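Peer 1: Sequence plus predicted model, see below.
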Number of protein chains: 4
Amino acid sequence: MSEARARKSSEGPAAVSAGQLRSLIERIERLEEEKRALAGDIKEVFAEAKANGFDAKIMRQVIKIRRMESAEREETEAVLDLYLEALGMK
Amino acid sequence: MSEARARKSSEGPAAVSAGQLRSLIERIERLEEEKRALAGDIKEVFAEAKANGFDAKIMRQVIKIRRMESAEREETEAVLDLYLEALGMK
Amino acid sequence: MSEARARKSSEGPAAVSAGQLRSLIERIERLEEEKRALAGDIKEVFAEAKANGFDAKIMRQVIKIRRMESAEREETEAVLDLYLEALGMK
Amino acid sequence: MSEARARKSSEGPAAVSAGQLRSLIERIERLEEEKRALAGDIKEVFAEAKANGFDAKIMRQVIKIRRMESAEREETEAVLDLYLEALGMK
DNA sequence: GCTACGGCAGTGGCAC
DNA sequence: GTGCCACTGCCGTAGC
């Protein structure tokens, strides 16, 4: 682990590493920013729903079930694939 | 879309609500999907960082600190604004 | 948090605390031990299954689906409860 | 569902396998259930500890260290055995 | 040995 | 202002 520490002192690739690191971190920060923005959007939609008389708690539950259903559908297909594969039919 | 079909006033907003509800839920699901995609992107960047010899755990700490610092900075500016405003200097 | 630090030095309940702590830790260690044993048992059953020509990967998938199905069933009931509650019928 | 339909002997051990498979899966599910229960018990003990003013985080570290130490001790003994054996002293 | 997943703890926001 | 709930991040565990 960590080739980045394999250096005594004022050699060379340190600046490169620093630049790389900075770049990576900034990319992550940017992505997290967008992620936070989306979280905010979701919140707003829930607020709008509430303003229209819907119950957020129930909505969350519904969304959860729908997610589970689609996940289960995918899992089921995956099992089918595995079966077919196991039977050499694929 | 299309809750706009005719209905008598005494029937209540049930059909409208159903369409609205569906729309709201789908919007949320869409946003959550994008959010998940971003989480995946972030994961990838961490993987890339790791491949370049950086330590993800430390990076997370750095990002955390930077976030706290910028939050603090904003806080400070907000207080400064309050002072200036209170002094009628703004 | 932590009343356990509210003491200057050689007073009294320290021993009690030490004994309590030891007891708690040993209980946890015992439970973790059992947990590890169960993990081992599960592993053995998979090995047995494999020895009988079954594919562990597929079995895992099947177990996952069954787990999701039962979870979904529970979620569905939870939503029903929420509806009833929201309608003041509960 | 419904593996119990009639089949001639020349068709192979499919029905047998189905029963076996079901049995294996149920054994695993049972074991996983117990494992989950133990996890719950552990959680409770931590809660109890916390209620008595102990810090769960530190306790976890302590447990970890104890586990490592005992593993190390076993390791050492194993090496000792190897030496003794190699020297024909065992 | 590394990666991925699930569970747990801590934090922040919302309702009362 | 306090208590509760949901979300996020972190850690430990399990699988490949």
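Peer 2: Thanks, I have it. The shown structure was predicted, so the numbers you read here are calculated from the model rather than taken from an experiment. Residues are numbered from 1 along each chain as shown, chains lettered A, B, ... in the order given.

Peer 1: Any buried residues in the helix or strand encompassing residue A:77, and which?
Peer 2: Element membership of residue A:77 [criterion: DSSP states H and E] is helix A:56-86. Of all the residues in helix A:56-86, those buried under the rule 16 or more other Cβ atoms under 10 Å in any protein chain shown are A:58-59, A:61-63, A:65, A:68, A:72, A:79, A:82. Where C-beta positions appear, they are placed from N, C-alpha and C, glycine not excepted.

Peer 1: Dump these into TSV; add pLDDT as well.
Peer 2: Below are the buried residues of helix A:56-86 laid out as TSV (pLDDT from 0 to 100):
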residue	pLDDT
A:58	94
A:59	96
A:61	95
A:62	95
A:63	96
A:65	95
A:68	94
A:72	95
A:79	95
A:82	93
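
Peer 1: quick revisit: just checking, what packs against the helix holding residue A:77?
Peer 2: For helix A:56-86, the packing partners by 3 or more Cβ pairs under 8 Å, 6 or more residues apart in numbering or on different chains; DSSP states H and E come out as helix A:13-51, helix B:14-51, helix C:56-86.

Peer 1: so which of those helices gets nearest DNA strand F?
Peer 2: For these, proximity to DNA strand F was assessed by Cβ to the nearest atom of the strand; helix A:13-51 is nearest, at 3.9 Å.

Peer 1: is that closest one up against chain C anywhere?
Peer 2: No. Counting by Cβ under 8 Å from any Cβ of the partner chain, chain C has no neighbours in helix A:13-51; the shortest distance is 12.5 Å.

Peer 1: From the centroid of chain A, which residue is nearest?
Peer 2: In chain A, the residue lying closest to the centroid (Cα atoms, centre = their mean) is residue A:35, at 9.1 Å.

Peer 1: distance of that residue from residue B:65?
Peer 2: Computed as Cβ to Cβ, to the nearest Å, the residue A:35 to residue B:65 distance reads 19 Å.

Peer 1: Same check on residue A:47?
Peer 2: Taking Cβ to Cβ, one finds residue A:47 at 32 Å from residue B:65.

Peer 1: cool, residue A:67 as well?
Peer 2: Residue A:67 sits 34 Å away from residue B:65, going by Cβ to Cβ.

Peer 1: cool, and residue A:44?
Peer 2: To residue B:65, residue A:44 is 29 Å away according to Cβ to Cβ.

Peer 1: what do you get for residue A:21?
Peer 2: Going from residue A:21 to residue B:65 by Cβ to Cβ gives 14 Å.

Peer 1: Then residue A:30?
Peer 2: Distance, residue A:30 to residue B:65, by Cβ to Cβ: 17 Å.
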